[in-house]
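# Let's see this in three dimensions:
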Amino acid sequence: MGIDRKIMKVYFNNHRIFKLNVGCGENILKGWLNSDYYSKNSKIFQLDATKSLPFKSNVFHFVFCEHMIEHFPYFIGERFLSEVKRILKSNGKVRIATPNLRFLIDLFKSDKSKLQEKYISWATKMFIKDVPLEHETFVINNFVRAWGHQFIYDEKTLRLSMEQAGFSEITRCELNTSEDNELKNLENVNRMPDGFLNLETLILEGSKP
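Here you go, the predicted model:
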């Protein structure tokens, strides 16, 4: 706890724009307060995002989380978004990147793209053992259960959750693009083969009124 207080104090003393990266994993962003539930990196703020966030209200200008909210049940995710809204300043923005249910559904299409075929082959070899063939059914079943996934959003449900939390001006964005310079080039594309993160990911941004 003392280390976390020091990390927080150093961050706020050395920045004018306050940006929180929740569930950062190995994606350490310069200029952000990088946080995760558990990390061996002494520079990462320890944060349990299922609980009330340990910050005062109206503090941060930006909050970002990548492939994290799907690890919560839907209503815990909604509570997390409400907490994000609380700690954001007025007109502050949140950027949520999460797996898209539509990408899984589209794997069933008979006219798959070469990228989808490559993804199915890669996911089978990487994460699924002892299956008789490389097939989308095995990939989809694994995806919705593996890595602690609890709820896979589509755009409608993520947008609804953000609206219920009080966000407005909710817009869909492409990977690493944004109308706001502070929210560009944040997603960790290097953690997967080329094109796969873009295939998986849904990104919405919203503003605190």
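
# Would you mind listing the buried residues in stretch 158-178?
158-159, 161-162, 165, 167, 170, 173, 175-176, 178 (16 or more other Cβ atoms under 10 Å). Where you see a C-beta, it was placed from the backbone N, CA and C, and this is true even at glycine.

# To clarify, my last question referred to stretch 179-198.
Within stretch 179-198, the residues scored as buried using 16+ other Cβ under 10 Å are 183, 186-189, 192, 195-198.

# Now the most far-flung residue of the chain relative to its centre. Its backbone dihedrals?
For the chain, the largest distance from the centre (Cα atoms, centre = their mean) belongs to residue 132, which lies 32.5 Å off. Main-chain dihedrals, residue 132, degrees, to the nearest 10: phi -70, psi -20.

# Looking at the chain, which strand is longest?
Of all segments of type strand in the chain, defined using DSSP state E, the longest is strand 88-99.

# chain center to that strand: distance?
10 Å (Cα atoms, centre = their mean, to the nearest Å).

# Which other helices and strands does it contact?
For strand 88-99, the packing partners by 3 or more Cβ pairs under 8 Å, 6 or more residues apart in numbering; DSSP states H and E come out as strand 60-66, helix 74-87, helix 155-165, strand 201-207.

# Closest one of the buried residues of stretch 158-178 to residue 123?
When the buried residues of stretch 158-178 are compared for distance to residue 123 (Cβ to Cβ), residue 175 comes out closest, at 18.5 Å.

# quick one: the spatially most central residue of the chain from residue 112, how far?
Central residue of the chain (Cα atoms, centre = their mean): residue 66, 2.1 Å from the mean position. According to Cβ to Cβ, to the nearest Å, residue 66 stands 26 Å off from residue 112.

# Give the burial count for residue 119, as a bare number.
Per other Cβ atoms under 10 Å, the neighbour tally for residue 119 reads 22.

# give me phi/psi at it?
With angles defined as degrees, to the nearest 10, residue 119 sits at phi -60, psi -50.

# Also residue 110?
Per-residue torsions, residue 110: phi -70, psi -30 (degrees, to the nearest 10).

# how many neighbours does it have?
4.

# any idea which helix or strand carries the residue lying closest to residue 135 once chain neighbours are set aside?
Excluding its sequence neighbours, the residue lying closest to residue 135 (Cβ to Cβ, 6 or more residues apart in numbering) is residue 120, at 7.1 Å. Residue 120 belongs to helix 114-127 when assigned by DSSP states H and E.

# quick one: residue 45 and residue 7 touch, right?
Yes: look at residue 45 against residue 7 with Cβ atoms under 8 Å: they come within range, at 4.9 Å.

# Show me the shaky parts of this protein.
Along the chain, the model assigns pLDDT under 70 to residues 1.

# Do me a favour and get the end-to-end distance for stretch 48-68?
12 Å (Cα to Cα, to the nearest Å).

# Report the distance from it to the chain centre.
12 Å.
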